[in-house]
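**Student:** Sequence unavailable; structure follows:
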Ligand code: 13P
């Protein structure tokens, strides 16, 4: 059984103080949730404060970073290393987010280096893949996702792949209010699972968690989670407010 995961990507929002407030509010709102893994990914600046509050208050959530550099240390002004993240008790690191790929020019090869560095430091990558609007219109979605997956997972062993979470985030659905229909997202995630099977076999494909991301909200989470292949969500905007994020985490009780 794949444990559902709901991860909040706070992008470049929230100061450290604001992040701590949300985490405390969120923890209270979701304290009875047991069977969903909840992850918060604040900015680098807020990681230490959030890590401390999670540890001190024994909060029922994990900590994620939004990015990393692949080198251990060195003259890389402005970058943060996997060793530094591990030191802050970071559990997950988002790699290959479309904003990193498209705004900051990260290539598949760079994403691969980051992903391997995360694994080498005993943290778990959340690998984002997804097509742009143009690629979708040109019916190149499958090809683009295959290229991303194969490139990003190069040299990742059968042992390490078990620590990877994949997030399918169609670029045209991020922050736009447009969501892939739940059937569409399910179909593409099924294809991703088949690609993982071709690389690592059926047992890994059956176990690997694949999330959907792109304008996920309390209003559409239940429908998405009803789909067979969708194991959770990577949430941007709607995770910035504790109430709305908690509603997403509690998707199972949304219809009660
Ligand atoms: P939105 O939920 O704001 O569309 O962002 C999705 C996303 O990019 C999560 O990583």
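**Tutor:** The structure has been received and is ready for your questions. Since this is a predicted model, take the numbers as computed values, not measurements.

**Student:** Distance from the chain centre to stretch 76-94, please.
**Tutor:** Relative to the mean C-alpha coordinate of its chain, stretch 76-94 is positioned 16 Å out (C-alpha atoms, centre = their mean, to the nearest Å).

**Student:** no wait, stretch 1-19
**Tutor:** Going by C-alpha atoms, centre = their mean, where stretch 1-19 is centred and where its chain is centred differ by 9 Å.

**Student:** cool, and stretch 230-247?
**Tutor:** Worked out by C-alpha atoms, centre = their mean, stretch 230-247 lies 11 Å from the chain centre.

**Student:** first vs last residue of it, how far apart are they?
**Tutor:** By C-alpha to C-alpha, to the nearest Å, the extent of stretch 230-247 from end to end equals 18 Å.

**Student:** With stretch 234-251 instead?
**Tutor:** End-to-end for stretch 234-251, by C-alpha to C-alpha: 14 Å.

**Student:** what about that stretch and the ligand, touching?
**Tutor:** Yes: residues of stretch 234-251 contacting the ligand under C-beta under 6 Å from any ligand atom: 234, 235, 236, 237, 238. For glycine as for every other residue, the C-beta is placed from the backbone atoms N, C-alpha and C.

**Student:** and if you look at stretch 177-184?
**Tutor:** No: using C-beta under 6 Å from any ligand atom, stretch 177-184 never reaches the ligand; the gap is at least 8.0 Å.

**Student:** Now the chain against the ligand: closest residue?
**Tutor:** Nearest residue of the chain to the ligand: residue 236, at 2.2 Å (C-beta to the nearest ligand atom).

**Student:** For that residue, give its distance to residue 164.
**Tutor:** 21 Å (C-beta to C-beta, to the nearest Å).

**Student:** likewise residue 216?
**Tutor:** Distance from residue 216 to residue 164, by C-beta to C-beta: 20 Å.

**Student:** between those two, which one's more packed in?
**Tutor:** residue 216 (28 against 23; other C-beta atoms under 10 Å).

**Student:** In this structure the more buried one contacts residue 232, no?
**Tutor:** No: the criterion here is C-beta atoms under 8 Å, and residue 216 misses it with residue 232 at 9.6 Å.

**Student:** dump the residue contacts of residue 196.
**Tutor:** When contacts are counted by C-beta atoms under 8 Å, 6 or more residues apart in numbering, residue 196 touches 149, 161, 166, 204, 205, 208.
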